[in-house]
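Participant: sharing a model that was predicted from the sequence below.
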Amino acid sequence: MIHCIIVDDEPLARDILIEYTSKFSFLHLVAECKNAYEASAALQEYKIDLMFLDIQMPDISGMKLLDTLEHKPYVIFTTAYSDYAVEGFEKNAVDYLLKPISPERFLQAVTKVHDLQSLHAHAKPEERNYMFVKVEYQTVRVNFNDILYIEGLKDYVKIYTNQGMIMTLLNIKGILAKLPEHQFVRVHKSYIVSLSAIEKIERNRIIFGTKRIPVGDTYKDVFNARINNEI
């Protein structure tokens, strides 16, 4: 599944891209944004694999937005101007779509992203089965297999393990980037769970002992797909 956002100040352009993305089962549209500010908030909130990014936008252009990102998703530029093509590819964009965007060109672009993600997924996984986190004045090792679930609290996260709870100064998107994708999944704006640690699922609630974690509407499809793959 490729989690994507659309960033474009033109409503019609957004509507066309929404229609196109809906036709592909491997694309999950997380958010549509009309400016760089909304896009920045979405990138902080969610794990985004692909950004359809307009170049000419008020205040902050698509190029400038991309320059501000430390961890960049795949980018497909969408624009009415061909003058930016060279600069777009210099920024390692996967593709550069000129408006009006045809279904054929859209298919070609997202297929490139799909192929790139597949190559990444089949690359040799890292042998490391742990991470280090800061806890007050200490650096603590946390084994991935010990984690049950993680709760996000603004700039902090609580990591619940078999041995107890660990709190560290990190947001939920930052901790998600440290975790192996095959083992963990985000199920709510405030929760990440270990798939192997789930005891039961009842009415969109994940049960860990006496703890019940809700599955948010935004994450429901991806979570259900991951669970179905395990059955």
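Facilitator: Done, it's in.
Participant: phi, psi for P180 please.
Facilitator: phi -70, psi 130 (degrees, to the nearest 10).
Participant: retrieve the pLDDT associated with the closest residue to Y149 other than its chain neighbours.
Facilitator: Nearest residue to Y149, sequence neighbours excluded (C-beta to C-beta, 6 or more residues apart in numbering): V193, at 4.5 Å. No exception for glycine: its C-beta is placed from N, CA and C like everyone else's. On the pLDDT scale, V193 is placed at 97.
Participant: isn't V193 right up against I213?
Facilitator: Yes - using C-beta atoms under 8 Å, V193 is in contact with I213, at 6.4 Å.
Participant: how many neighbours does the residue nearest to Y149 have?
Facilitator: V193 has 23 neighbouring residues, counting by other C-beta atoms under 10 Å.
Participant: residues contacting the most centrally placed residue in the chain?
Facilitator: Nearest to the geometric centre of the chain sits K47, at 1.9 Å (C-alpha atoms, centre = their mean). Contacts of K47 were listed using C-beta atoms under 8 Å, 6 or more residues apart in numbering, and they are 3, 173, 176-177, 186.
Participant: mutual contacts of V193 and I213, please.
Facilitator: What both V193 and I213 touch, as defined by C-beta under 8 Å, 6+ apart, is the set 149, 187, 206.
Participant: which residues touch the second one?
Facilitator: Meaning V187. 193, 206, 213-216, 219, 223.
Participant: quick one: it is in a helix?
Facilitator: No - checked against DSSP: H, G, I helix; E, B strand; the rest coil, V187 lies outside a helix; its state is strand.
Participant: just the endpoints, please. Distance across stretch 187-199?
Facilitator: 15 Å (C-alpha to C-alpha, to the nearest Å).
Participant: that older thread, can you show me the CA trace of whichever strand or helix holds the residue nearest to Y149 as CSV?
Facilitator: In the assignment (DSSP states H and E), V193 maps to strand 191-194. Output in CSV follows, covering the C-alpha atoms of strand 191-194 (Å, rounded to 0.1, in the frame of the first residue of the first chain):
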residue,chain,number,x,y,z
TYR,A,191,-1.2,4.7,18.5
ILE,A,192,1.1,2.2,16.9
VAL,A,193,0.8,-1.5,17.5
SER,A,194,3.0,-4.6,17.1
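Participant: tell me who's in contact with the residue nearest to Y149.
Facilitator: With C-beta under 8 Å, 6+ apart, V193 has these contacts: 148-150, 184-185, 187, 206, 208, 213.
Participant: and the residues you listed, which is the shakiest by pLDDT?
Facilitator: F208 (90).
Participant: tell me which helix or strand comes right after the helix or strand of the chain with the lowest mean pLDDT.
Facilitator: Of all helical and strand segments in the chain, the minimum by mean pLDDT, DSSP states H and E falls on helix 85-90, at a mean of 53. Counting by DSSP H and E, the element after helix 85-90 in chain order, helix or strand, is strand 95-98.
Participant: ok now stretch 20-29, how far from the chain's centre?
Facilitator: 15 Å (C-alpha atoms, centre = their mean, to the nearest Å).
Participant: show the subsequent helix or strand relative to whichever helix in the chain runs longest.
Facilitator: Ordering each helix of the chain by length in residues (DSSP state H) puts helix 103-121 first. Per DSSP H and E, helix 103-121 leads on to strand 130-135 as the next helix or strand towards the C-terminus.
Participant: can you flag the buried ones in the contacts of V187?
Facilitator: By neighbour count, with 16 or more other C-beta atoms under 10 Å, the contacts of V187 hold 193, 206, 213, 215, 219, 223 as buried.
Participant: rewinding a little: what would the shared contacts of V193 and I213 look like in TSV with distance to D95?
Facilitator: Listed next are the shared contacts of V193 and I213 as TSV, based on distance: C-beta to C-beta, whole Å:
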residue	distance to D95
Y149	37
V187	31
I206	37
